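Enquirer: sequence plus the predicted model coming up.
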Amino acid sequence: MKPRFFRFWMAQVALAPAWLIVIFAYIGTILWTIQISFTSSKVFPVSNYVGFSQYTRLFGSERWIISVQNLAIFGVIFIIGCLVLGFLLAVFLDQRIRAESMFRTIFLYPYALSFIVTGLVWQWTLNPTLGIQQTVRNWGWESFTFDWLSRGDRAIYVIALAGMWQASGLVMAILLAGLRGVDSELWKAAKVDGIPTWRVYVHIVIPILAPMFATATVLLATAVVKVYDLVVALTNGGPGISTEVPAKFVIEYLFQRQNLGLATAASTVMMITVLCVLAPWLYVQYFRQPRSAH
Amino acid sequence: MASLTASAPVEPSGPRPKRIGPGRYGVYAFLIISALFFLIPLYVMIVTSLKPMDEIRLGNLFALPGSPSFDAWIKAWSQACTGLNCNGIHVGMLNSVKILVPSVLLSIAVGSVTGYALSFWRPKGANVLFGVLLLGAFIPYQVFLYPLVRILSMVSLYNSIPGVVFVHTIFGLPLMTLLFRNFYAGIPIDLFKAARVDGGGFWAIFLRLMLPLSTPIIVVAAILQITGIWNDFLFGLIFAGRENFPMTVQLNNVVNSSFGEKEYNVNMAATILTALVPLFVYFVSGRWFVRGIASGAVKG
């Protein structure tokens, strides 16, 4: 028998575009980015190696530290918020209610919208001069104040809220599919034993849904690291630099502030963080068990 | 494949309600309040776009327009300004269509062939390729951007529509490959073996046997790619060039560029116009949309 490579040469030809993309557009660009991060490049890449000094400068930069803190705040609130709201929505939708598909459509439609649209809508709705704050004051509650968008210490929470509005429906859809897979005998058994519904959810249903929670969390976490357009549309990093995020930091230092060395160091840090978090999950998900099909 | 069947909601399985009691009202109250939370921004967007500026300045966000007019929509479509250009948002819409159509077709073509080859033929190195592709799906785009800009300018594709199409194909590949690979993993291997025995080659089996079976997954892939690429901001901003900015980039420039008084009604009309395509896809595709989003990160 001929070796596998020759037997399947047409399959190799068909995979050529994918190989080229992986080798040049993924691996090649990553290596290039890492290489630049060890040089003193400004506007153009130069090969003057400076060791880790770009990384030292990065973590000495207030803007970067604020970006990282914001990403942590946004990430925690966004992920937990989406999971909790999405789970509640799924559970309440699963109570044999009327007009279920209408509610489902309403909860999920924001997920079809772009972060730009999401950001602009919330920017307008929550703007302190003509938005909800002024509207409620016009209704007679003169002292009502909701000006988080113009407050440096609060604006990041508004971004998390807008993100939750956009993505909770995703969690709802994934968990609802999971709930529909729960054996209906379970409910009969629980009823016979007189176990309160909430305890069944907490002790039996949530553990059954664990894989769905994991999937949802991974999808949300990917969105967290990539968050860029939502911030650009909603606050553009402001007030001041109070809502800067790492993705925006990199883009700005790459294309506006012309500091390639610092920008590539920042993106390398982002990548390594993601890989550290992701590697165990990917391994378990795709490579540990042999595939049963073929 | 499991994801495709599991994500289609069937009968509700929750506890069967006893009777219409306070608990039932609680369920509906929660659902209705949540629905309001999700609908309010859409409502605000629509009513604002139909009001004249005088009415907007009164600061009654939720009030219905006194005399609804589509003036703001017309202005957003044909006269809204980005910087010194006042040609309206329709320029961006045309660009978005020019980017969208080839990107969707190309990424599905490459993804389906790759998924097919990985699933049935599994030549040497297939696992490595798939592993790297998967990792690529999660790595922040910022790592790839600068070298890609350099590579594309070397071949004079930077700041051009073919350039953005290329970038969308590159970064759509992991998800597209995953979708098709998982789908083909659910097709009985005996079918493939029978076709091999009958002398079917790589392309014959793909074009005459597998592709006709693939309609459901092609629909899912198209939905994901159409909404994803239409909603893209980053790649359009960096790779398309000023002349070819897609609608999302133009919209952000219209709203967040500070020249003169902000026309909130025009801004909101432009925002709705930008959201129309994905909303249309969402409402028409219904459950297919749910299938798509759930299959992105599910075990294959």
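Expert: Sure, I can see it. Numbering: from 1, shown residues only, chains lettered A, B, ... in the order given.
Enquirer: looks like A:Ile132 contacts A:Trp124 (just checking).
Expert: No. If you go by CB atoms under 8 Å, A:Ile132 and A:Trp124 don't touch, sitting 10.1 Å apart. To be clear about C-beta, it is placed using only N, CA and C from the backbone, and glycine gets the same treatment.
Enquirer: so between these two, which is more surrounded?
Expert: A:Trp124 (22 against 18; other CB atoms under 10 Å in any protein chain shown).
Enquirer: quick one: the more buried one and B:Tyr264 touch, right?
Expert: Yes. The pair formed by A:Trp124 and B:Tyr264 meets the contact definition of CB under 8 Å, at 6.2 Å.
Enquirer: mutual contacts of the two, please.
Expert: B:Thr48 (CB atoms under 8 Å, 6 or more residues apart in numbering or on different chains).
Enquirer: show me where the stretch 101-250 of chain A dips below the pLDDT cut-off.
Expert: Applying pLDDT under 70 to the stretch 101-250 of chain A flags no residue at all.
Enquirer: show me the helices in it, by range?
Expert: Applying DSSP state H, counting those that start in this stretch to the stretch 101-250 of chain A gives helices spanning A:115-125, A:132-138, A:155-180, A:184-192, A:197-200, A:206-208, A:210-226, A:229-234, A:246-255.
Enquirer: next, the buried residues of stretch B:57-65.
Expert: B:59-61, B:65 (16 or more other CB atoms under 10 Å in any protein chain shown).
Enquirer: just the C-alpha atoms of stretch A:151-159, please, in CSV.
Expert: Output of stretch A:151-159 as CSV, limited to C-alpha atoms (Å, rounded to 0.1, in the frame of the first residue of the first chain):
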residue,chain,number,x,y,z
ARG,A,151,-18.7,59.3,35.4
GLY,A,152,-15.2,57.8,35.0
ASP,A,153,-15.7,55.4,37.9
ARG,A,154,-19.0,54.0,36.6
ALA,A,155,-19.0,54.1,32.8
ILE,A,156,-17.4,50.6,32.6
TYR,A,157,-20.5,49.2,34.3
VAL,A,158,-22.7,50.7,31.6
ILE,A,159,-20.6,48.9,29.0
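Enquirer: domains of chain B?
Expert: B:16-69, B:90-295 (automatic domain parsing).
Enquirer: just give me the neighbour total for B:Asn256.
Expert: Around B:Asn256 there are 19 residues (other CB under 10 Å).
Enquirer: who's in contact with it?
Expert: B:Asn256 touches A:232-233, A:236, counting by CB under 8 Å, 6+ apart.
Enquirer: which one's the longest helix in the chain?
Expert: Since you didn't name a chain, this refers to chain A. helix A:62-93 (DSSP state H).
Enquirer: that's the other chain; I wanted chain B
Expert: Max-length helix for chain B by DSSP H is helix B:22-50.
Enquirer: close to chain A, is that helix?
Expert: Yes. Using CB under 8 Å from any CB of the partner chain, we find that helix B:22-50 touches chain A at B:27-28, B:30-31, B:34-35, B:37-42, B:44-45, B:48.
Enquirer: hmm, which of these are the buried ones?
Expert: B:27, B:31, B:34-35, B:37-38, B:40-42, B:44-45, B:48.
Enquirer: okay if I get these as a markdown table plus distance to B:Arg196 and pLDDT?
Expert: Below are these laid out as a markdown table (distance: CB to CB, whole Å; pLDDT from 0 to 100):
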| residue | distance to B:Arg196 | pLDDT |
| --- | --- | --- |
| B:Val27 | 55 | 90 |
| B:Leu31 | 53 | 94 |
| B:Ser34 | 53 | 95 |
| B:Ala35 | 53 | 95 |
| B:Phe37 | 55 | 95 |
| B:Phe38 | 51 | 96 |
| B:Ile40 | 57 | 94 |
| B:Pro41 | 54 | 94 |
| B:Leu42 | 52 | 95 |
| B:Val44 | 59 | 94 |
| B:Met45 | 55 | 94 |
| B:Thr48 | 61 | 92 |
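Enquirer: one step back: what's the closest of the helices of the stretch 101-250 of chain A to B:Leu179?
Expert: Go through the helices of the stretch 101-250 of chain A one by one with CB to CB and the one that ends up closest to B:Leu179 is helix A:210-226, at 14.4 Å.
Enquirer: can you list the buried residues in that closest one?
Expert: So helix A:210-226, judged by 16+ other CB under 10 Å, has buried residues A:212-213, A:215-226.
Enquirer: tell me the helices and strands packed up against it.
Expert: Here helix A:210-226 touches helix A:62-93, helix A:155-180, helix A:246-255, helix A:260-282, going by 3 or more CB pairs under 8 Å, 6 or more residues apart in numbering or on different chains; DSSP states H and E.
Enquirer: dump the ones you listed into CSV; add mean neighbour count as well.
Expert: Formatted as CSV, these follow (neighbours: other CB atoms under 10 Å in any protein chain shown):
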stretch, mean neighbour count
helix A:62-93, 19
helix A:155-180, 25
helix A:246-255, 22
helix A:260-282, 20
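Enquirer: want to throw these into a markdown table with distance to B:Val97?
Expert: Compiled in a markdown table, the helices and strands packed on helix A:210-226 are given as follows (distance: least, CB to CB, whole Å):
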| stretch | distance to B:Val97 |
| --- | --- |
| helix A:62-93 | 32 |
| helix A:155-180 | 24 |
| helix A:246-255 | 25 |
| helix A:260-282 | 31 |
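Enquirer: now distance to chain B too, for these, in TSV please.
Expert: Converted to TSV, these look like this (distance: least, CB to the nearest CB, whole Å):
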stretch	distance to chain B
helix A:62-93	5
helix A:155-180	4
helix A:246-255	4
helix A:260-282	4
